[in-house]
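A.B. asks: Provided below for reference: sequence and predicted model.
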Amino acid sequence: MKVLFPFIALAIIILSSCTAKSKSKQQKPNVLLLCIDDLRPELKSFGKDYVHSPNIDALAEKGRSFQHHYVNAPSCGPSRYTLLTGTYGPGGNNALFLRAKDIAQGKEVTPSMPEWFKQNGYTTVSVGKVSHHPGGRGGVDWNDSTQIEIPNAWDKHLIPVAEWQHPRGVMHGLAHGEIRVKANEMDVYQSTEGDDNIYPDGAIAQEGIEQLKSLTAGDKPFFLAIGLIKPHLPFGAPAKYMEYYKNAKLPAIENPIKPKGKTTWHKSGEFMKYNRWGKNPNDDAEFADELRRHYAACVSYADMHVGLIMDELKKTGADKNTIIVLWGDHGWHLGEHAIWGKHSLFEESLRSPLIVYTPNEKMLGGKTDAVVSTLDIFPTLCELTGINKPEFVDGTSLKPFLSNASQQGHYAIAYKGSFTTIRTATHRLTVHKDGALELYNHQSVEKETQNIAEENPALVAELKLLLAKEGFTK
C-alpha cells in the first residue's frame, strides 16, 4: 500500500489539474463593469496631462480607450438607462423607474443587460451607483425594497451606507457622514484630512472588493458592476489628493463665453444651488481655478479606488478571464460655454471616457478616435462573452475595434427635454422642438462656438434624415 500511495496521490493531483483546466476552458468570461459618476475625459490617457490617474491610464494602455465615446443623454438616470438596457429611452432621471412601472403593470419590456446575463448563467451583482439611485431602490431615502429600479436584474444590489445613514445620504455625502439636507448649506467643494474611507466611495469600493472575492470563489461566471460616486457634486476628497494639484498648471478653459443665439445653454442650476461663498466661477477666475483643482482631486480619488479593485482582481487570478469596462456616465462642463455641470447637448456634456479590456482577444492597446456610444456596450459584452446578442438592442458591438483601432465608427445620438443631437466624426447637429437648428463643424477651429446651420442646408437635411431613421425627428 505504501508503494501505491505516491501513485494514487499523483493521480489525484493530475485529475484535479485537468478538472481545473477544463473548468477554466469551459467557463465564460466574467464581466467587471466600473461606472464613474460625472467623469468627463479629464484623465491623462484622454489627453489631460496634468491629471494624476495612473490606474485608469494603465487600464487604457492595455485595453482600448474610446476617445470619442458619447453618452445618449447628459444626465445620470437616462444615460444609465441606455447602458443597462441597450436601448434609447426616456430622458429623465426616473427613466428606469418608469420601465419598472411598465413591468409591474404587465407590459412587455425587453430584458436589461444584467437580466440578460443572468438568464445566460451569470451571477449578477451591483455595488454602489450603477443605476440612478445608489443601491437601485426608490422611496424617500432610496432604501425601499418594494421599489426596485431594475426588476429581475441583480442577484444582489448593494449600497453600504456606513455613517451616511441611507443611500440618499451617500449620494451627496461629504466627509465623516455629512449628508445634504439643504444644498445651499453644503459647500460645493471640500478637502479634508483623513484616510480613504472618510467619503462614501471608500465603503463602496471595499464592498465591491468583498463581492469580487466571493464571486471569484464561486463556480459560475459573474457580472459585477461597481459604481463610484465621485467626482459628482459636491467635490469632496481626502486632502492628500489635492496635493497633486496645488502647484499644477491647468490648461485654459476652452470657449468660456456664454454662447449667442438659441442653444442648449443653461444656468448651471445643479451647481449654483450649493454654497459658493457668494462667488460665481464665470466671473471669478481664481474661484474657477480652485473648482477645477477640486474636481481633479475627486478624479484622482476615484482612480485610486479603481486601482484597489484592479489589484484585488489580479490577486484572485480572475483577471485572466475577466472583461473590464470602465465607463463615465456623461461629461461635465468645467466652465466651457459658461456652464458648470452637465445637462446641455454640447460636446462637454456628452463625451465621456470608455475603456474596454478583454484577456481573450488579441489586444494591441492604445486608443481609437472613432465615434461610438453607450448603447454599444450591451452588444459588445454579449459578443465578447459568447452569449447571444439580443435583437432588440440599438447599439453595435465594439469588438472589431479591440483588434483594429482604425475601424470606422458611427454616429451618436443624444437627447434632453425637447432637444435632440447627432454627432458624426466631423459635425454635430442639434435640433430644437420648435425647429431651431445648431450645426457645428468639429474639423474647424471654432468647433461648437460657430453655428453654421444656415450655410449648410444639404448637410442639415442629411443629418436630420439619420435622426428620422432612428425615430427622433420627422
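C.D. replies: Yep, that arrived. Residues are numbered from 1 along each chain as shown.

A.B. asks: what average pLDDT does stretch 380-397 get?
C.D. replies: For stretch 380-397, mean pLDDT is 97.

A.B. asks: please apply the same query to stretch 184-198.
C.D. replies: Averaged over stretch 184-198, pLDDT sits at 98.

A.B. asks: now the terminal residues of that stretch, how far apart.
C.D. replies: Terminal residues of stretch 184-198 are spaced 22 Å apart (Cα to Cα, to the nearest Å).

A.B. asks: for stretch 114-127, output the C-alpha coordinates as CSV.
C.D. replies: Output of stretch 114-127 as CSV, limited to C-alpha atoms (Å, rounded to 0.1, in the frame of the first residue of the first chain):
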residue,chain,number,x,y,z
PRO,A,114,-27.8,42.3,-16.2
GLU,A,115,-31.0,40.3,-16.5
TRP,A,116,-29.9,39.0,-19.9
PHE,A,117,-26.6,37.9,-18.4
LYS,A,118,-28.5,36.3,-15.5
GLN,A,119,-30.6,34.4,-18.0
ASN,A,120,-27.4,33.1,-19.6
GLY,A,121,-26.0,31.6,-16.4
TYR,A,122,-24.2,34.6,-14.8
THR,A,123,-24.3,35.7,-11.2
THR,A,124,-25.1,39.4,-11.3
VAL,A,125,-24.2,41.8,-8.5
SER,A,126,-24.2,45.6,-8.4
VAL,A,127,-22.5,47.7,-5.7
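
A.B. asks: ok, and what's touching that stretch?
C.D. replies: Stretch 114-127 has contacts (Cβ atoms under 8 Å, 6 or more residues apart in numbering) with 28, 31, 84, 111, 136, 150, 152-160, 204, 207-208, 211, 215, 218, 220-227, 378, 381-382, 385, 387-388, 390. (C-beta placed from N, C-alpha, C; glycine too.)

A.B. asks: out of the residues you listed, which end up buried?
C.D. replies: Buried members of the contacts of stretch 114-127, scored by 16 or more other Cβ atoms under 10 Å, are 28, 31, 84, 111, 136, 150, 153-154, 157-160, 204, 207-208, 211, 215, 221-227, 378, 381-382, 385, 387, 390.

A.B. asks: so which of those residues belong to helices?
C.D. replies: Per DSSP state H, helices hold the following members of the buried ones among the contacts of stretch 114-127: L84, I204, E207, G208, Q211, L215, F378, L381, C382, T385.

A.B. asks: which residues does the third one contact?
C.D. replies: Contact criterion Cβ under 8 Å, 6+ apart gives V127, G128, L158, P160 as the residues in contact with E207.

A.B. asks: closest to D289 out of those?
C.D. replies: Nearest to D289 among the contacts of E207: G128, at 30.2 Å, using Cβ to Cβ.

A.B. asks: mind giving me the packing neighbours of the top helix by length along the chain?
C.D. replies: In the chain, assigned by DSSP H, the helix with the most residues is helix 285-316. In terms of contacts (3 or more Cβ pairs under 8 Å, 6 or more residues apart in numbering; DSSP states H and E), helix 285-316 is packed against strand 30-36, helix 54-62, strand 189-192, helix 200-216, strand 222-228, strand 235-238, strand 322-328, strand 333-334.

A.B. asks: can you put the ones you listed in JSON lines and add distance to G417?
C.D. replies: Shown next, in JSON lines, are the helices and strands packed on helix 285-316 (distance: least, Cβ to Cβ, whole Å):
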{"stretch": "strand 30-36", "distance to G417": "24"}
{"stretch": "helix 54-62", "distance to G417": "32"}
{"stretch": "strand 189-192", "distance to G417": "28"}
{"stretch": "helix 200-216", "distance to G417": "30"}
{"stretch": "strand 222-228", "distance to G417": "25"}
{"stretch": "strand 235-238", "distance to G417": "26"}
{"stretch": "strand 322-328", "distance to G417": "22"}
{"stretch": "strand 333-334", "distance to G417": "17"}
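
A.B. asks: quick one: closest of the ones you listed to L398.
C.D. replies: strand 322-328 (9.8 Å).

A.B. asks: so which elements touch the closest one?
C.D. replies: Counting contacts by 3+ Cβ pairs under 8 Å, 6+ apart, strand 322-328 is packed against strand 30-36, helix 54-62, helix 285-316, strand 354-357, helix 377-385.

A.B. asks: so what touches that strand?
C.D. replies: By Cβ under 8 Å, 6+ apart, the residues outside strand 322-328 that reach it are 29-41, 56, 59, 63, 71, 83, 306, 310, 313, 352-360, 374, 377, 381, 384-385.

A.B. asks: from these, list the buried ones, please.
C.D. replies: 29-41, 56, 59, 63, 71, 83, 306, 310, 313, 352-358, 374, 377, 381, 384-385.

A.B. asks: state the number of residues packed around K249.
C.D. replies: By other Cβ atoms under 10 Å, 7 other residues sit near K249.

A.B. asks: from S191, how far out is K240?
C.D. replies: As judged by Cβ to Cβ, to the nearest Å, K240 and S191 stand 9 Å apart.

A.B. asks: same thing with N282?
C.D. replies: 23 Å.

A.B. asks: G177 now?
C.D. replies: Counting by Cβ to Cβ, the gap from G177 to S191 is 17 Å.

A.B. asks: okay, these two: which has more neighbours?
C.D. replies: S191 (19 against 14).
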